[in-house]
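Participant: The amino acid sequence is not available; the structure is as follows:
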Ligand SMILES: Nc1ncnc2c1ncn2[C@@H]1O[C@H](COP(=O)(O)OP(=O)(O)O)[C@@H](O)[C@H]1O
Ligand SMILES: [Mg+2]
């Protein structure tokens, strides 16, 4: 049970992070190769607050997320301005990811612990919290995605130049999406810290960033639940395929190539998992309305 | 004071003098034509005014405000809207959602309210939807409101683009070859449509780029003719039609197309 629970908590943490990246990559179309850095910042901030200042868990998570969001301005402001290409942003995130990891390793302040990291973080994280936070993140992100903010992000992904001429402030929308993504990754990082109760800066490496990016691309553009499902699958799959030992990497690669070939926009592009249910409910409602109408007539 | 004024406008791309020393004035409520052979610089004039291209020289004034160097979204919010020669609708969005982008390009509620989907967000979204449908109705494509925009026929996509531009409540509307790629029947429909658009919005200034002389002749009160980046002629459709320079420019171009 503990084993399954562990995987479920990992999957939930990934879902929270993915909710942020959905808006950044799936909606406005920016690719990041360094979002582990925001998990790192959120993790340290939340852990220091709970461990040394006895902050309540959820408040510490939120502050960690907020600090991560603010720190994203460091890469956002210089690279999202004007006519800078999206590649500049991707490369900046890559550099930022490495920089944060190295800076954290070199902060000798006792709170941070340098390369040895932090330990003795309160073990606040459990399955209940994990599932609840994942669920709330999905709901908030679905709301955001269907709002005008989400629509403007999609517009920018489709036609950036035309969108600006139509009246969209490209820079502000991009910054907003970046901060949104950093906020949720910061929260995810905080969750991770309070689950493992110890951490070293090297945990937040490029592999984590790449896995996040992979999940979004696999899950599908302009979808929230697609990537959330994508990251859940990517968390469980290696465990399920464990009996194949080294073959599992080959199979993993094969699955990715097949998906890219058959569904280049991702598994659930432009769709949500709950859509069929919503449609079914609407359909049944319209049927019952009609039958009461005909009953009256 | 003219609503839009270009003073000695030049736009160069490296060695290409796309627009060269163009001065013109457009009054509020006018229906102005901008014609000229392919590559004359018509689209570039639109691009310069809307901020998509930077003027190399000269000034652009809209209602007395200098537009040079202003950010494109700010120019749009001053009341200048446009359509594109190569249609730029959002293909995966529905027709109604496309219009909603033009209607509310600066969101009126903040990101936190959006995440929590607070009551005022729900209300505003409903309002956006209602207004979008109104604009679709005005251009006569209400029945396609839930259709994916990219799947609509070409002529309807053109109208959708106009609806999206109108949703920004512009004072000045630039139309870049709205009848391009249409057959004669569709072209005639577009002419009727644009006539109605102008008579229903008397305060709206429309500038129309059109390749086909016949279309412009039917719609515009006055016409500027561009050739090789410079203004060649200005006048009423009749005057322009009889201008020997204009005839030469057009025939010259035709000869070239036959030669290809
Ligand atoms: N962004 C650009 N970069 C380089 N050259 C351009 C650009 N835009 C237009 N041009 C050139 O400027 C000239 C005028 O183009 P354009 O304004 O599109 O003509 P028109 O709309 O009258 O057909 C053409 O020679 C075109 O190749
Ligand atoms: Mg053109």
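Facilitator: Perfect, thanks for sending it. Here the structure is a predicted model, which means the values were calculated and not measured. Ligands and ions are numbered 1, 2, ... in the order given.
Participant: so where do the strands sit in chain B?
Facilitator: B:4-13, B:16-26, B:31-35, B:57-62, B:65-66, B:80-82, B:172-176, B:205-209, B:222-227, B:230-235 (DSSP state E).
Participant: And the contacts of the fourth one?
Facilitator: By C-beta atoms under 8 Å, 6 or more residues apart in numbering or on different chains, the residues outside strand B:57-62 that reach it are B:3-10, B:21-23, B:48-49, B:66-68, B:75, B:78-80, B:172. To be clear about C-beta, it is placed using only N, CA and C from the backbone, and glycine gets the same treatment.
Participant: tell me the most buried of the strands of chain B?
Facilitator: strand B:80-82 (a mean of 27; mean count of other C-beta atoms under 10 Å in any protein chain shown).
Participant: Would you point out which residue of the stretch 151-260 of chain B is nearest chain A?
Facilitator: residue B:168 (5.8 Å; C-beta to the nearest C-beta).
Participant: so where do the helices sit in the chain?
Facilitator: Chain wasn't specified; assuming chain A. A:2-21, A:36-53, A:57-71, A:73-79, A:86-106, A:127-146, A:148-158, A:160-166, A:170-196, A:206-219, A:225-240, A:247-262, A:275-296 (DSSP state H).
Participant: Chain B, not that one
Facilitator: According to DSSP H, the helices that chain B contains are B:42-50, B:72-79, B:95-103, B:111-116, B:119-138, B:154-167, B:184-200, B:213-219, B:237-242, B:244-259.
Participant: Next one: residue A:122 from chain B, what distance?
Facilitator: According to C-beta to the nearest C-beta, to the nearest Å, residue A:122 and chain B sit 27 Å apart.
Participant: Show the pLDDT at that residue.
Facilitator: Note on residue A:122: pLDDT of 95.
Participant: Over to residue B:258?
Facilitator: So residue B:258 comes in at 40 (pLDDT).
Participant: I'd like to know how many residues surround residue B:106.
Facilitator: 14 (other C-beta atoms under 10 Å in any protein chain shown).
Participant: swap in the one 4 residues further on?
Facilitator: Summarising burial for residue B:110: neighbours were counted as other C-beta under 10 Å, giving 12.
Participant: give me phi/psi at it?
Facilitator: Reported as degrees, to the nearest 10, the phi and psi values for residue B:110 are phi -90, psi 170.
Participant: For chain B, what lies in contact range of ligand 1?
Facilitator: Neighbours of ligand 1 within chain B, by C-beta under 6 Å from any ligand atom: B:13, B:16, B:18, B:36, B:38-44.
Participant: Adding mean pLDDT, write the strands of chain B out as CSV.
Facilitator: Listed next are the strands of chain B as CSV, based on pLDDT from 0 to 100:
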stretch, mean pLDDT
strand B:4-13, 96
strand B:16-26, 95
strand B:31-35, 94
strand B:57-62, 96
strand B:65-66, 96
strand B:80-82, 97
strand B:172-176, 96
strand B:205-209, 95
strand B:222-227, 93
strand B:230-235, 91
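Participant: Put together JSON lines for those, with distance to ligand 2 on each row.
Facilitator: As requested, those are exported to JSON lines (distance: least, C-beta to the ion, whole Å):
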{"stretch": "strand B:4-13", "distance to ligand 2": "13"}
{"stretch": "strand B:16-26", "distance to ligand 2": "10"}
{"stretch": "strand B:31-35", "distance to ligand 2": "10"}
{"stretch": "strand B:57-62", "distance to ligand 2": "18"}
{"stretch": "strand B:65-66", "distance to ligand 2": "25"}
{"stretch": "strand B:80-82", "distance to ligand 2": "12"}
{"stretch": "strand B:172-176", "distance to ligand 2": "6"}
{"stretch": "strand B:205-209", "distance to ligand 2": "6"}
{"stretch": "strand B:222-227", "distance to ligand 2": "10"}
{"stretch": "strand B:230-235", "distance to ligand 2": "16"}
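Participant: Any chance of the ones you listed in a markdown table with distance to residue A:62 as columns?
Facilitator: Below are those laid out as a markdown table (distance: least, C-beta to C-beta, whole Å):
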| stretch | distance to residue A:62 |
| --- | --- |
| strand B:4-13 | 50 |
| strand B:16-26 | 52 |
| strand B:31-35 | 55 |
| strand B:57-62 | 45 |
| strand B:65-66 | 43 |
| strand B:80-82 | 41 |
| strand B:172-176 | 46 |
| strand B:205-209 | 50 |
| strand B:222-227 | 58 |
| strand B:230-235 | 61 |
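Participant: Ok, which of the ones you listed comes nearest residue A:26?
Facilitator: Closest to residue A:26 of these is strand B:80-82 (C-beta to C-beta; 28.8 Å).
Participant: what pLDDT does residue 244 get?
Facilitator: You didn't pick a chain, so chain A it is. 77.
Participant: ah, I was thinking of chain B
Facilitator: So, for residue B:244, pLDDT stands at 86.
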